[in-house]
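Enquirer: with the input below, show me the fold.
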Amino acid sequence: MAKNHQAPELDLQSWKEIAAYLCVHMRTAQTWERTHDMPVRHFPGAKGRVAASSAELEAWRRAQFALPSGRHGSRRRFVAIAAAVPLVGVAAWLTRRAIVRQAPAGRQPDALPLLALAPTPRTILLAQAVDGGIYAGQGQGGPAGIHNDRFDRYDPWTNTWTPLPMPTDAYGRASAACADRIYAFGGVEHAGPLARVDFYDTLRNTWSRCSGMPTPRTHAAAAVVRESVYVMGGSHVFGASFGTQANECYQPGTDSWSIRRPMPRKRIGHCIAAVDGKIYVFGGASQAIGSHEVDLYDPVTDRWTTLDRPWANARTAAAVAVVGGRIYLIGGHDPTGTCGAVDEFDPSTEIWAERAQMPAPRSFPAAAVLGGIIYVIGGENISGKLSTMETFDPGMARGPWSARLRTPLRPALASFLPSSPRLAP
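Expert: Below you'll find the predicted structure:
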């Protein structure tokens, strides 16, 4: 007699409930679904709504972690594994504090190894953090000395760089990360500014072409709001500092573009950052005239506002990063030349603060954020193009900069987590 097989009960009705059942952070649970086939149901037409069966999660968990059968035994062991991660993190933090306190003032703790050099010195490069790694590439530099077709992944667990494919040697490209993809916009090749758009699939280790930008340009900037990429400013004239006011929106889901309201002023070599659904535009210049104004763009209303508090230390060719809802503008060119200044902007209060300067001033660096730490890569200064990398911890009031690994215990965390996908060169 045939048995009736009933669908499992979906007793977990949100990412919060799923993460709580697994005893992990929500972002960890979402990563496991993408990379380790964790059974989660998505509901078409209800954006963001998910559900899961605790019975299915239990079976998946036993298979992933080689846990013994039996609900209580497996859950106890899994909770022990999950609980070990923050304990190891606390131990690492305490170790770091102890090492820093023992080190002489103004010196980096010698017990920790230096951050690995990038494979080639380069400037005007792109960089994005995706799924625990930093992807950086292109720019000026490398063996040819002009264009750089390298693209590499930095793994903070092993402090190593892995070479990846790259279909073009363009530089001066804007970039943005959406889910598991990194998009590169425009730039310049031997024939001049480009409308070209490519995306790199971090799971498949492949590049693909997308619909081109309506306005060919180089040295633009990009930011993501609600799964749409906004590409702003840049120059459409090769070898000249004529900025544009272009503001164009790319929809990855449909591979289509739309023209949005132009920026209030022309900019090239500027920075943009998205916080709470709004885009903030800083610095840059047009025809050698710098911009101190901070412009705010609301994608919902397609309107621009100029904030009351300008960027007093405005400059071009800076790197930008967002940590904890605050925007950090790092390095760049000011009226005196290449600088190592770091300015912090709080969008909620529109208050500026000066932070500790970089040990090595640099312009046109790239920045990416992992675990609340800002990694600053490459760029150039009076000594030439750079392959060095430094990190900035916004949570540290004293000594926030380091050219060394933050903690010797960090790689130990990897043994408590499912293995991440490794990319072949």
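Enquirer: buried ones in stretch 279-291?
Expert: For stretch 279-291, a neighbour-count test (16 or more other Cβ atoms under 10 Å) marks 279-286, 290-291 as buried. Any C-beta I mention is one placed from the backbone N, CA and C, and that applies to glycine too.
Enquirer: show me the contacts for the closest residue in space to Gly269 that isn't next to it in sequence.
Expert: Using Cβ to Cβ, 6 or more residues apart in numbering and skipping residues adjacent in sequence, the residue nearest Gly269 is Thr316, 3.7 Å away. By Cβ atoms under 8 Å, 6 or more residues apart in numbering, the residues touching Thr316 are 268-270, 283-285, 290, 332-333, 363.
Enquirer: one more time with 6 Å, if that's ok
Expert: 269, 283-285, 332-333 (Cβ atoms under 6 Å, 6 or more residues apart in numbering).
Enquirer: how about Arg209?
Expert: By Cβ under 6 Å, 6+ apart, the neighbours of Arg209 are Asp198.
Enquirer: now do whatever helix or strand Pro163 lives in: everything it contacts.
Expert: In this assignment (DSSP states H and E), Pro163 forms part of strand 160-164. Residues from elsewhere that reach strand 160-164, judged by Cβ under 6 Å, 6+ apart: 116, 119, 151-154, 425.
Enquirer: centre of the chain to it, how far?
Expert: On the basis of Cα atoms, centre = their mean, to the nearest Å, strand 160-164 sits 17 Å off its chain's mean C-alpha point.
Enquirer: C-terminal to that strand, what's the next element?
Expert: strand 174-178.
Enquirer: before we move on, the earlier item: return the subset of the contacts of Thr316 lying in strands.
Expert: 285, 332-333 (DSSP state E).
Enquirer: could you export the strand holding Pro163 as PDB, keeping only the C-alpha atoms?
Expert: Below are the C-alpha coordinates for strand 160-164, written out as PDB (Å, rounded to 0.1, in the frame of the first residue of the first chain):
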ATOM      1  CA  THR A 160      47.500  35.300  -0.200                       C
ATOM      2  CA  TRP A 161      46.500  36.500  -3.600                       C
ATOM      3  CA  THR A 162      45.100  34.300  -6.400                       C
ATOM      4  CA  PRO A 163      45.200  35.300 -10.100                       C
ATOM      5  CA  LEU A 164      41.800  35.300 -11.900                       C
END
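Enquirer: how about it, which residues are buried there?
Expert: Counting neighbours by 16+ other Cβ under 10 Å, the buried set in strand 160-164 is 161-162, 164.
Enquirer: which of those residues lies closest to His25?
Expert: Thr162 (26.0 Å; Cβ to Cβ).
Enquirer: specify the beta-bridge partners of the closest one.
Expert: Under the criterion DSSP bridges, Thr162 forms beta bridges with Arg153.
Enquirer: contact partners for Met213?
Expert: Taking Cβ under 6 Å, 6+ apart, one finds 186, 195, 248 in contact with Met213.
Enquirer: can I get the residues you listed in TSV with distance to Ala368 and secondary structure?
Expert: Shown next, in TSV, are these (distance: Cβ to Cβ, whole Å; DSSP: H, G, I helix; E, B strand; the rest coil):
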residue	distance to Ala368	secondary structure
Gly186	20	coil
Ala195	25	coil
Glu248	24	strand
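Enquirer: would you list those residues in a markdown table and tack on distance to Asp180, neighbour count and pLDDT?
Expert: Shown next, in a markdown table, are the contacts of Met213 (distance: Cβ to Cβ, whole Å; neighbours: other Cβ atoms under 10 Å; pLDDT from 0 to 100):
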| residue | distance to Asp180 | neighbour count | pLDDT |
| --- | --- | --- | --- |
| Gly186 | 22 | 27 | 95 |
| Ala195 | 24 | 16 | 95 |
| Glu248 | 23 | 20 | 98 |
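Enquirer: can you redo these as JSON lines with distance to Glu344?
Expert: What follows is these, written out as JSON lines (distance: Cβ to Cβ, whole Å):
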{"residue": "Gly186", "distance to Glu344": "29"}
{"residue": "Ala195", "distance to Glu344": "35"}
{"residue": "Glu248", "distance to Glu344": "29"}
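Enquirer: go ahead and confirm Ala356 touches Ser402.
Expert: No: the criterion here is Cβ atoms under 6 Å, and Ala356 misses it with Ser402 at 11.1 Å.
Enquirer: nearest to Thr391, of the buried residues of strand 160-164?
Expert: Set against Thr391, the nearest of these by Cβ to Cβ is Trp161 (15.3 Å).
Enquirer: please tell me how far the closest residue to the closest one other than its chain neighbours sits from Ala368.
Expert: Nearest residue to Trp161, sequence neighbours excluded (Cβ to Cβ, 6+ apart): Asp152, at 4.7 Å. According to Cβ to Cβ, to the nearest Å, Asp152 stands 12 Å off from Ala368.
Enquirer: please apply the same query to Thr162.
Expert: From Thr162 to Ala368 the distance is 15 Å (Cβ to Cβ).
Enquirer: for Ile377, what are its contacts?
Expert: 118, 127, 136, 366, 389.
Enquirer: what is it paired to in the beta sheet?
Expert: Ala366, Met389.
Enquirer: ok, now Ser175?
Expert: Ala184.
Enquirer: how many residues are close by it?
Expert: Number of residues near Ser175 (other Cβ atoms under 10 Å) recorded here: 27.
Enquirer: what's the answer for Arg150, then?
Expert: 21.
Enquirer: that one touches Gly137, doesn't it?
Expert: Yes: the criterion here is Cβ under 6 Å, and Arg150 meets it with Gly137 at 5.5 Å.
Enquirer: report pLDDT for Ser419.
Expert: Looking at Ser419, its pLDDT reads 37.
Enquirer: please identify which helix or strand holds Ile327.
Expert: strand 326-334.
Enquirer: what is that strand packed up against?
Expert: On a contact count with 3 or more Cβ pairs under 6 Å, 6 or more residues apart in numbering; DSSP states H and E, strand 326-334 meets strand 319-323, strand 337-346.
Enquirer: those: which one's closest to Lys16?
Expert: Among the helices and strands packed on strand 326-334, strand 319-323 sits nearest to Lys16 (Cβ to Cβ), with 23.0 Å.
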